[in-house]
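S.K.: Can you look at this prediction? I've put the sequence above it.
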Amino acid sequence: MVLVLGLGNPGADYASTRHNVGWWVLERLQERWNARLSEKTKVYRAWECEVDGRPVGLLAPQTYMNRSGEALDAWRALHPDIEDLLVIADDVYLPVGRLRLRSGGSAGGHRGLESIEAALQSRDYTRLRIGVGEASSAELKRHVLETPSEKEAAVLEEAALRAADAVECWVKEGLGPAMNRFNGQDPKEVSES
């Protein structure tokens, strides 16, 4: 099975925050692929579907961002045969709406990715980062847990759709074609509202 894991925080207070763009992408994929809810536990929600004959799992940790690896561990205890893993996360070092798909690399200070790496005991997995705009170190936590402005939200919504396209390309065609097609595209301009 191919697993697509979207990082985010549970609860209505976090649903529209920058930190939850990984879940926004999962929602688009659930709709697009008619994925069915297969498991609902304290630590994760999981959906299953088939894409071009390949079984695909979608996973949304319910552990809060910094403990996302616990959800992955719990899911892997029941599903040990993961062919490939893609993790979707927000990125404060990319311009709003820009996508970056790559295999391996560092967590870049992202606590959710750090937790995934601790669970895997490896940095060797594919990640799709979605830019949510920069913030100073002092403002970082507030920035990612805020709801974006109306203009920024529109750019992030469009980015979530492009990210869903990138995930679908990754599942169907592999990492190389998905990177070539989706990395480096400039998002629409976002100005302060």
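M.R.: Received it, and whenever you're ready, just let me know what you need.
S.K.: If you tally nearby residues, what's the number for the closest residue to Thr147 other than its chain neighbours?
M.R.: Leaving aside its sequence neighbours, Thr147 sits nearest to Ser16 (CB to CB, 6 or more residues apart in numbering; 4.8 Å). For glycine as for every other residue, the C-beta is placed from the backbone atoms N, C-alpha and C. Ser16 has 14 neighbours, counted by other CB atoms under 10 Å.
S.K.: tell me which element Ser16 is part of?
M.R.: Using DSSP states H and E, Ser16 sits in no helix or strand.
S.K.: Need phi/psi at it.
M.R.: The phi/psi pair for Ser16 (degrees, to the nearest 10) reads phi -100, psi 20.
S.K.: just the one 3 residues further on next, same as before
M.R.: Torsion angles at His19 (phi, psi; degrees, to the nearest 10) stand at phi -60, psi -20.
S.K.: Do a quick rundown of the strands in the protein.
M.R.: Here the chain has its strands, by DSSP state E, at 2-6, 36-40, 44-51, 54-61, 84-91, 99-103, 126-131.
S.K.: and Arg162, which of those is closest to it?
M.R.: strand 99-103 (6.2 Å; CB to CB).
S.K.: which stretches of this protein have low pLDDT?
M.R.: 136-138, 140, 143, 185-193 (pLDDT under 70).
S.K.: about what we covered before: redo the strands of the chain as CSV? Include mean neighbour count.
M.R.: Below are the strands of the chain laid out as CSV (neighbours: other CB atoms under 10 Å):
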stretch, mean neighbour count
strand 2-6, 24
strand 36-40, 12
strand 44-51, 18
strand 54-61, 21
strand 84-91, 23
strand 99-103, 18
strand 126-131, 24
